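can't give you the sequence, but here's the structure:
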């Protein structure tokens, strides 16, 4: 019994030990399952995290791609805009935004081809502003640029949409009229432009007046290609300048020969100062009551090596156009002052020497200082120098003119209005300006004995001069009848062939020795 009980107890112990081992095994299984689940969870979490990182990176990459695409589109638009702007700049003038020389050539070439196929005419107009350089030099480039912009706007306002207004550079413009029925159509356009540009340009508190000279060539009569048409229009423009400026001329075949001559003169003119080819002649001014020589006018001549002695009309306009009038004018001033002083040093009676002053000289910034220095260098007293200026020069900018005239008068220099009556001047300014002498233009003097209107004008000028306490001198006196009329009207002085032609300094000295014009009949 006891053995059976012990066996039972041993069996029970084995059972308990097996159950414990079973429970331990189950625990290991559960622990292994938990570990496995942890691993799975961690793996899943890591996979999710990797997936999330990938998504984030994909989103970032996508955002960068979108941004890059947008930037690429913007850059493409900017490049295209820059191309358009560069193309515009390449074909348009920066200052006026008008078509430039390149674009004009292209349009003119196309217009010629179309006109050739359709058997039509077209017109090319070459224009140059009159006296623009004077304004540019005196008032500055900023004012000059604004004036060019104003001119451009007015020209555009004068033409049709199909026409082309082009700026060639400087103050030169070329217009293309691709559709004209008759040459007169171009003339009407030119007249319209002249009228539009004649109105004052209000710029920087200045009312600027400027004219334009226009040359016109017609396809096919005056040229079959763009270069020839522009060249011939340019040639015609120079002839418009020679015929009084502020007008237009059609091209004519014989103009080419004159253009070649002009170019030759300009080339020689540039060397004339260096070679000392200029000389001065002097025309006496006569006191009408005593017959005494009271002054002379210095008149330039060109001793051309091939063409002989040339009068100013044959080269001064060219000198003005090519910018040589300033150094030439300064040479005239110095030479005249030297000669006047030389006559005095020779013991002759001191007289006033008059020098014509161009607009370019008068508006030059150092004009006053140059006059002062010239008088000092030559030793001529200022009272023996008279500067002659035209009404158009004086009235171009009345405010600055007034200041300059008073400065010159302060030096003691005498001032005269040349060709009086042919321009426009305000009587209020005439009273305000320190003018010493009025010179009646010879166009009035020529007709005083045959045209009552001219006689009336001359009488009025003489009376006005006396009322303003100014001396009056009549230019271009050629007959005894003219002299008698002027004397009867109490005109102070006369100048002209009746009293004496312009002569060299030596011949004038002979006249000064007597103090009376030997050619003047007493």
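Good, I have the coordinates. In this text, all values refer to a predicted model and were calculated from it rather than measured experimentally.

how much space between the nearest residue to residue 174 once chain neighbours are set aside and residue 79?
Distances taken as CB to CB, 6 or more residues apart in numbering put residue 166 closest to residue 174, at 4.8 Å, once the chain neighbours are dropped. (Glycine included, C-beta is placed from N, CA and C.) To residue 79, residue 166 is 28 Å away according to CB to CB, to the nearest Å.

out of those two, which sits in the busier spot?
In terms of neighbours (other CB atoms under 10 Å), residue 166 is the more surrounded of residue 166 and residue 79; the figures are 25 against 10.

May I have the residues that are in contact with the residue nearest to residue 249 when sequence neighbours are not counted?
The shortest distance from residue 249 to any non-neighbouring residue, by CB to CB, 6+ apart, is to residue 240 (4.2 Å). Residues in contact with residue 240 (CB atoms under 8 Å, 6 or more residues apart in numbering) are 213-215, 247-249.

What ranges does the stretch 1-150 of the chain have for its helices?
Assigned by DSSP state H, counting those that start in this stretch, the helices in the stretch 1-150 of the chain fall at 2-91, 101-118, 132-139, 141-158.

What helices and strands are in contact with the longest one?
Contacts of helix 2-91 with other secondary structure elements, assessed using 3 or more CB pairs under 8 Å, 6 or more residues apart in numbering; DSSP states H and E, are made with helix 101-118.

so who does the most centrally placed residue in the chain touch?
Nearest residue to the geometric centre of the chain (CA atoms, centre = their mean): residue 171, 4.4 Å. Neighbouring residues of residue 171 by CB under 8 Å, 6+ apart: 128-129, 132-133, 148.

before we move on, back to that, of the contacts of residue 240, just say which sits nearest to residue 303.
residue 213 (29.5 Å; CB to CB).

And that closest one, how close does it get to residue 489?
For residue 213 relative to residue 489 (CB to CB), the value is 38 Å.

what does residue 83 give?
When CB to CB is the yardstick, residue 83 and residue 489 sit 74 Å from each other.

that older thread, can you select the buried ones among the contacts of residue 171 for me in ChimeraX?
Typed into ChimeraX, the line below selects the buried ones among the contacts of residue 171, using 16 or more other CB atoms under 10 Å:
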select :128,129,132,133,148
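
which one of the contacts of residue 171 sits closest to residue 108?
Using CB to CB, the contacts of residue 171 come closest to residue 108 at residue 128, 18.4 Å.

just checking, that closest one touches residue 241?
Yes - counting by CB atoms under 8 Å, residue 241 is a contact partner of residue 128 at 7.2 Å.

give me the low-pLDDT residue ranges for the stretch 51-200 of the chain?
Applying pLDDT under 70 to the stretch 51-200 of the chain picks out residues 51-52.

Where do the strands of the stretch 151-300 of the chain begin and end?
Here the stretch 151-300 of the chain has its strands, by DSSP state E, counting those that start in this stretch, at 164-169, 172-180, 201-203, 206-208, 211-219, 248-250, 278-287, 293-304.

winner for burial among the helices of the stretch 1-150 of the chain?
Counting by mean count of other CB atoms under 10 Å, helix 132-139 has the highest mean neighbour count of the helices of the stretch 1-150 of the chain, with a mean of 21.

and the angle for that one with strand 172-180?
140 degrees (axes from the mean of the first three to the mean of the last three CA atoms, to 10 degrees).

so how far is helix 132-139 off the chain centroid?
How far helix 132-139 lies from its chain's middle: 7 Å, per CA atoms, centre = their mean, to the nearest Å.

Mind listing residues that contact it?
Applying CB under 8 Å, 6+ apart, the external contacts of helix 132-139 come out as 143-144, 147, 170-171, 204, 206, 208, 210, 323, 359-360, 362-365, 396-397, 400.

who's in contact with residue 246?
Contacts for residue 246 (CB under 8 Å, 6+ apart) come out as 130, 194, 198, 211-213.

oh sorry, the question was meant for residue 220
Contacts of residue 220 (CB under 8 Å, 6+ apart): 115-116, 121.

can these go into a markdown table with extra columns for distance to residue 221?
Formatted as a markdown table, those follow (distance: CB to CB, whole Å):
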| residue | distance to residue 221 |
| --- | --- |
| 115 | 12 |
| 116 | 13 |
| 121 | 8 |
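
taking the contacts of helix 132-139 one by one, which sit in helices?
Applying DSSP state H to the contacts of helix 132-139, the entries found in helices are 143-144, 147, 359-360, 362-363, 400.

ok, of these, which one's closest to residue 342?
Checking those against residue 342 by CB to CB gives residue 362 as the nearest, at 26.1 Å.

so how far is residue 478 from the closest one?
30 Å.

Over to residue 55?
For residue 55 relative to residue 478 (CB to CB), the value is 109 Å.

Over to residue 248?
Computed as CB to CB, the residue 248 to residue 478 distance reads 33 Å.

Run through the bridge partners of residue 304.
residue 308 (DSSP bridges).

Could you report the pLDDT at it?
Looking at residue 304, its pLDDT is 89.

quick one on the thing from earlier: residue 225 is nearest to which of the helices of the stretch 1-150 of the chain?
Among those, helix 101-118 comes nearest to residue 225, with 6.8 Å by CB to CB.

So which elements touch that closest one?
On a contact count with 3+ CB pairs under 8 Å, 6+ apart, helix 101-118 meets helix 2-91, strand 121-130, strand 164-169, strand 172-180, helix 226-242.

Would you mind giving those as JSON lines with distance to residue 189 added?
Listed next are these as JSON lines, based on distance: least, CB to CB, whole Å:
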{"stretch": "helix 2-91", "distance to residue 189": "23"}
{"stretch": "strand 121-130", "distance to residue 189": "7"}
{"stretch": "strand 164-169", "distance to residue 189": "11"}
{"stretch": "strand 172-180", "distance to residue 189": "6"}
{"stretch": "helix 226-242", "distance to residue 189": "13"}
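
Determine which of the ones you listed approaches residue 305 most closely.
helix 226-242 (23.3 Å).

how much does the closest one deviate in direction from strand 164-169?
Going by the same axes, to 10 degrees, helix 226-242 makes 70 degrees with strand 164-169.

What mean pLDDT does helix 226-242 get?
91.

Pull out the buried residues from it.
Residues of helix 226-242 classed as buried: 226, 229-242 (neighbour count, 16+ other CB under 10 Å).

now swap in stretch 249-266 and tell me
Taking 16+ other CB under 10 Å as the criterion, stretch 249-266 shows 249-251, 255, 259, 262, 265 as buried.

possible to save those residues as TSV with pLDDT and distance to residue 157?
TSV is the format used below for the buried residues of stretch 249-266 (pLDDT from 0 to 100; distance: CB to CB, whole Å):
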residue	pLDDT	distance to residue 157
249	92	23
250	93	24
251	92	26
255	79	30
259	71	31
262	74	33
265	81	37
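
farthest-separated two in those residues?
Farthest pair in the buried residues of stretch 249-266, by CB to CB: 250 and 265, 23.2 Å.

so how far is residue 272 from the closest residue to residue 270 other than its chain neighbours?
Spatial nearest neighbour of residue 270, chain neighbours left out: residue 324 (6.6 Å); criterion: CB to CB, 6+ apart. Going from residue 324 to residue 272 by CB to CB gives 9 Å.

now residue 179
46 Å.

Between the two, point out the one with more neighbours.
Neighbours were counted for residue 179 and for residue 272 using other CB under 10 Å; residue 272 has more, 21 against 16.
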